[in-house]
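> Have a look at this fold, sequence not included:
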């Protein structure tokens, strides 16, 4: 039997009317992306600045002042100077400082003799990530101060010079926003369709739908079409916000990004529809939608935890989730000039996920039609 496009568009039109009459669905589809981008994009910031630092300068020399000037100029530290051990102890007891820098007497004299001058940095280790960053920042600051004091022209003879590709300013939002598109698009697509069939069962209108001459494949396509249009609009909205609000570059191919969005959205919509078919209850569908839509986006996509640092089993396990592949594609296409040959693996994974999810949704619909 040939596919009847009349049946598909008839079901799609009916579903579109449901969407227009449902303010909750429209609000979720149109407002939630902007709220997600505003909340996560502005609140989550991996760049540390103005870290509270206590300084006790026991040398009071040109060299110690240069070191503190370099620390202030970098913008990483907000230094508070103390002048005695008692004042130091009193300030530390307030637990408002993340570190203590102690510059010993003779710091300047040691440098002028050409020897290695050492200062002590005591760091609050309760936040291991911040502690590591503080140590790294201070190493760079001390190296810059030593060059300025000992040999201002030493930069010309540096053996290694570092230049950051794709994100020259190391802007953490350029790292976060592509991940936001993964979370928002996938989560919304799953939630939007997770309620469709469950709503039909609870309202008692599913029997009417199953009595139509449309086949399961046509019913699934018809139900997916209007939600695909909504989700694709959300993808374009998030993309526009990334460019306009966060000044993200778009170094890669925009058509390739749209193709990746298409595979990802259809797969997520079909997954939501499958949840709806299996649960047949809106409350249960929402709970499963939240669990399946949000948890993998944060845990197994590389958004929060680098996949490379996971044990081998979990590195392989993340490959089952489309969020991992779309996040990789999104970051590559936003920040690099990656082409089709570079991204064929993630694209193939998204395509396979889409085909499998649509197939499972159709199969379970067929079970309902022919119990």
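Sure, I can see it. Everything numeric here is computed off the predicted structure, so don't read it as measured data. Numbering: from 1, shown residues only.
> Below-threshold pLDDT in the stretch 1-150 of the chain: ranges please.
1-3, 46-47, 150 (pLDDT under 70).
> mind listing what residue 186 touches?
Residues in contact with residue 186, defined by Cβ atoms under 8 Å, 6 or more residues apart in numbering, are 264, 268, 293, 297, 322-323, 326. Every residue, glycine included, has its C-beta placed from N, CA and C.
> And it, how far from residue 357?
Residue 186 is 12 Å from residue 357, where distance means Cβ to Cβ, to the nearest Å.
> try residue 340
Separation of residue 340 from residue 357 (Cβ to Cβ): 23 Å.
> what ranges do the helices span in the stretch 151-300 of the chain?
Assigned by DSSP state H, counting those that start in this stretch, the helices in the stretch 151-300 of the chain fall at 172-194, 196-203, 206-210, 216-244, 254-279, 282-299.
> between the first one and helix 282-299, what angle do the directions make?
When you say that, I think you mean helix 172-194. 160 degrees (axes from the mean of the first three to the mean of the last three Cα atoms, to 10 degrees).
> Mind telling me what element residue 115 is part of?
If you go by DSSP states H and E, residue 115 is not part of any helix or strand.
> Which residue would you name as the spatial centre of this structure?
Nearest to the geometric centre of the chain sits residue 179, at 2.6 Å (Cα atoms, centre = their mean).
> burial measure for the nearest residue to that residue once chain neighbours are set aside, as a count.
The shortest distance from residue 179 to any non-neighbouring residue, by Cβ to Cβ, 6 or more residues apart in numbering, is to residue 303 (4.2 Å). When neighbours are defined as other Cβ atoms under 10 Å, residue 303 has 22 of them.
> how far away is residue 303 from residue 246?
Remark: distance between residue 303 and residue 246 (Cβ to Cβ) = 16 Å.
> mind listing what's buried in stretch 8-21?
By 16 or more other Cβ atoms under 10 Å, the buried positions in stretch 8-21 come out as 8, 11-12, 15-16, 18-19.
> er, stretch 105-115 I mean
107-108, 110-111.
> Which ones among those map onto helices?
Applying DSSP state H to the buried residues of stretch 105-115, the entries found in helices are 107-108, 110-111.
> Out of these, which comes closest to residue 289?
residue 107 (60.4 Å; Cβ to Cβ).
> can you tell me how far that closest one sits from residue 92?
Separation of residue 107 from residue 92 (Cβ to Cβ): 21 Å.
> Likewise for residue 267?
With Cβ to Cβ as the criterion, residue 267 and residue 92 are 53 Å apart.
> Mind checking which of the two has more residues around it?
Set side by side, residue 267 and residue 92 show more neighbours around residue 267, with 24 against 15, by other Cβ under 10 Å.
> do you know how far the spatially closest residue to the more buried one that is not a sequence neighbour is from residue 360?
Closest residue to residue 267 apart from its sequence neighbours, by Cβ to Cβ, 6+ apart: residue 354 at 3.8 Å. With distances taken as Cβ to Cβ, residue 354 is found 11 Å from residue 360.
> Show me which of those two is the more surrounded one.
Per other Cβ under 10 Å, whichever of residue 354 and residue 360 has more neighbours is residue 354, with 21 against 16.
> Wait, the more buried one touches residue 269, no?
No - contact between residue 354 and residue 269 fails when scored by Cβ atoms under 8 Å: they sit 9.2 Å apart.
> neighbours around residue 168, how many?
Burial of residue 168 is recorded as 9 neighbouring residues (other Cβ under 10 Å).
> For it, grab phi and psi.
Per-residue torsions, residue 168: phi -60, psi -30 (degrees, to the nearest 10).
> Identify the residues contacting it.
By Cβ under 8 Å, 6+ apart, residue 168 has no neighbours at all.
> cool, the one 5 residues further on as well?
With contacts defined as Cβ under 8 Å, 6+ apart, the neighbours of residue 173 are 41, 45, 246, 248.
> now with 7 Å?
Applying Cβ atoms under 7 Å, 6 or more residues apart in numbering to residue 173 gives the contacts 41, 246.
> For the residue nearest to the centre of the chain, list the residues it contacts.
301, 303, 327.
> Kindly state the domain boundaries assigned to the chain.
As given by automatic domain parsing, the domain ranges for the chain are 5-44+171-369, 51-157.
> No further questions, thank you.
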